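>>> task: produce atomic coordinates for the following.
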Amino acid sequence: MKLKILIGVLVVVLIGAVVYVLYGDKNTVGSLSTTKTDTVMVDPQEARDGVTVNEAMLSDGGYVVIRGSDGKRLGQIIEVSAYLEPGEHKNVQIALGDFYTYKPEDQLIAMIYKDDGDKAFSEADQPVTDPTGALIARFVKTGQPVPTSVTQEVMVASGGMGMETVRYTNAGFSPKKLTVPIGTMVEFVNQSDSDMWVASNVHPSHDILPTFDEFKGVGKGQTYMYTFDKKGTWPYHDHINPAREGIIEVI
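As a prediction, the model looks like this:
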């Protein structure tokens, strides 16, 4: 009798082991596969003429975008990869072209952008974020993830210098010229009937102060904030309607 009970227990254990191997392992593999999200991996490199992206995982079709940075804020878009289908891509080569001139202090950033459906990079394509809301981005020089403090659009005013406001109306920016102390945050408020895209001159490259760029249009009632931490005279314009210009003088 005891032998029959022992044999029965062994049979149950064996059946359980078989079920685990056949189904438990598969479920584990499945859960691992579903955790793959958008990523970009870059080995440390100088990137004088181009950037090699070791791996890019895209849940939707899109691009790897190379952007400038001063280490504190995002800069202008420098170059964009060819359209990438959803899935994993290895050794994506992005030539930086004639527009870019290498500087040792540069801190280029590789980012993932989602395509809007037309398979052609445009203003409608937007950066991809992770589940926490942080942009998926890595420094090219170090290969390290870019902290949120660099990628966030709204900057915290430095030095407690306060905030100034520039209104964007159907007639343009008001005031057209604003003089502020260094470290002041300026808030640009869209009160017009069209989108507003604040950007440093010169149109369309925005290269006088590359980090001073909204990087996208915003609608009526929305705002853009920028902390001016460099002395100088900074002319700017609305990228959507470049005839509308303004000047921020930082003293």
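
>>> tell me, how many residues neighbour Thr142?
13 (other Cβ atoms under 10 Å). For the C-beta atoms, the positions are set from N, CA and C on the backbone; glycine is no exception.

>>> can you map out the strands along the stretch 1-150 of the chain?
39-41, 50-58, 62-69, 74-80, 87-95, 109-114, 126-127, 137-139 (DSSP state E, counting those that start in this stretch).

>>> and the host helix or strand of Tyr226, which residues are buried?
Following DSSP states H and E, one finds Tyr226 within strand 223-228. Buried residues in strand 223-228, defined by neighbour count with 16 or more other Cβ atoms under 10 Å: Tyr224, Met225, Tyr226, Thr227, Phe228.

>>> and the gap between the fourth one and Phe212?
Taking Cβ to Cβ, to the nearest Å as the measure, Thr227 and Phe212 are separated by 10 Å.

>>> same question, Asp106
Separation of Asp106 from Phe212 (Cβ to Cβ) stands at 18 Å.

>>> of those two, which one has the most company?
Using other Cβ under 10 Å as the criterion, Asp106 and Phe212 rank with Phe212 on top: 23 against 19.

>>> so what's that one scoring on pLDDT?
Note on Phe212: pLDDT of 91.

>>> leaving out chain neighbours, which residue sits closest to it?
In space, Phe212 comes closest to Ser200 once its chain neighbours are excluded; the distance is 4.2 Å by Cβ to Cβ, 6 or more residues apart in numbering.

>>> any stretches of the protein with poor pLDDT?
Counting by pLDDT under 70, the chain has low-confidence residues at 1-36, 99, 123, 152-162.

>>> try 50 this time
Low-confidence segments of the chain, defined by pLDDT under 50, are located at 13, 18-35, 153-161.

>>> quick one: the helices in it, in order.
Secondary structure of the chain, counting by DSSP state H: helices at 2-19, 25-34, 148-151.

>>> per the record, what domains does the protein have?
Residue ranges for the domains of the chain, per automatic domain parsing: 39-151, 163-250.

>>> got a markdown table for the strands of the stretch 1-150 of the chain, with distance to Asp195 and mean neighbour count too?
A markdown table is the format used below for the strands of the stretch 1-150 of the chain (distance: least, Cβ to Cβ, whole Å; neighbours: other Cβ atoms under 10 Å):
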| stretch | distance to Asp195 | mean neighbour count |
| --- | --- | --- |
| strand 39-41 | 29 | 17 |
| strand 50-58 | 27 | 19 |
| strand 62-69 | 21 | 23 |
| strand 74-80 | 18 | 20 |
| strand 87-95 | 29 | 13 |
| strand 109-114 | 19 | 24 |
| strand 126-127 | 14 | 16 |
| strand 137-139 | 25 | 22 |
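
>>> out of these, which is closest to Glu187?
Between Glu187 and those, the shortest gap by Cβ to Cβ is with strand 74-80, which sits at 18.3 Å.

>>> what pairs with the closest one, parallel or antiparallel?
Strand 74-80 has the following strand partners under DSSP bridges: strand 62-69 (antiparallel).

>>> what separates the strand it pairs with from the chain centre, distance-wise?
8 Å (Cα atoms, centre = their mean, to the nearest Å).

>>> try stretch 100-111
Distance, centroid of stretch 100-111 to centroid of chain: 15 Å (Cα atoms, centre = their mean).

>>> same deal with stretch 214-228?
For stretch 214-228, the gap between its own C-alpha mean and the chain's C-alpha mean amounts to 16 Å (Cα atoms, centre = their mean).

>>> contacting residues around it?
Residues from elsewhere that reach stretch 214-228 (Cβ atoms under 8 Å, 6 or more residues apart in numbering): 74, 77, 123, 126, 153-158, 163, 180, 182-199, 211-212, 234, 239-240, 248, 250.

>>> among the residues you listed, name the ones in strands.
Taking DSSP state E, the ones among those that sit in strands are 74, 77, 126, 163, 180, 184-190, 198-199, 234, 248, 250.

>>> buried ones among these?
Buried by 16+ other Cβ under 10 Å: 74, 77, 180, 184-186, 188-190, 198-199, 234, 248, 250, out of the ones in strands among the contacts of stretch 214-228.
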